[in-house]
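Student: Provide a 3D model corresponding to the input given below.
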Amino acid sequence: MNKTSILILVLLFVFSCGKKEVKSEIEEIKAPAAEIPVDKDKKEIKIDEQDEISALIFTVQIAALKNQNEDLENIDEIKVYYENDLIKYRLGNFETYQEAREFRSQILNEYNDAFIQALKNDRPIFILEAL
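Tutor: Numbers count the residues shown, from 1 in each chain. Here you go, the predicted model:
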């Protein structure tokens, strides 16, 4: 009986220490779907020629906040973007990275955290992807 008890304990130990299947979940991050304007009366999809052209611009982001800031919103030519539960304030609309760098250096004394953000069709992309 003693040997049987030991054998059962050893078997339980072996089976409990066997390979356990570990499932890892990978969260897929998807870009938000582009909104395509729909004519509600005709139920037809309108595709603008401008939508087909991927517009790449460079801008300078001066702040990203959880709450609105009236001082920033009152700056001339400020553009406000709502992304990832943040309100992002950006200045300028430059065709080249160099133009954005020159503008950033001009405002760096006032906005020391300012950085260049590339936008493709008004959506942020990595600078390296833009260059």
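Student: Tell me which stretches of this protein form strands.
Tutor: Along the chain, counting by DSSP state E, strands occupy 38-39, 44-45, 56-65, 78-83, 86-94, 115-120, 123-125.
Student: I'd like to know how many residues surround the closest residue in space to residue 93 that isn't next to it in sequence.
Tutor: Leaving aside its chain neighbours, residue 93 sits nearest to residue 57 (5.4 Å; criterion: C-beta to C-beta, 6 or more residues apart in numbering). Using the backbone N, CA and C atoms, a C-beta is placed for each residue, glycine as well. Residues near residue 57, counting by other C-beta atoms under 10 Å, number 18.
Student: Would you mind identifying the helix or strand in this structure with the lowest mean pLDDT?
Tutor: The least trusted helix or strand in the chain, going by mean pLDDT, DSSP states H and E, turns out to be strand 44-45, with a mean of 39.
Student: Which strand residues bridge the closest residue to residue 127 other than its chain neighbours?
Tutor: Excluding the flanking residues, the one nearest residue 127 by C-beta to C-beta, 6+ apart is residue 118, at 5.3 Å. Per DSSP bridges, the residues bridged to residue 118 are residue 58, residue 125.
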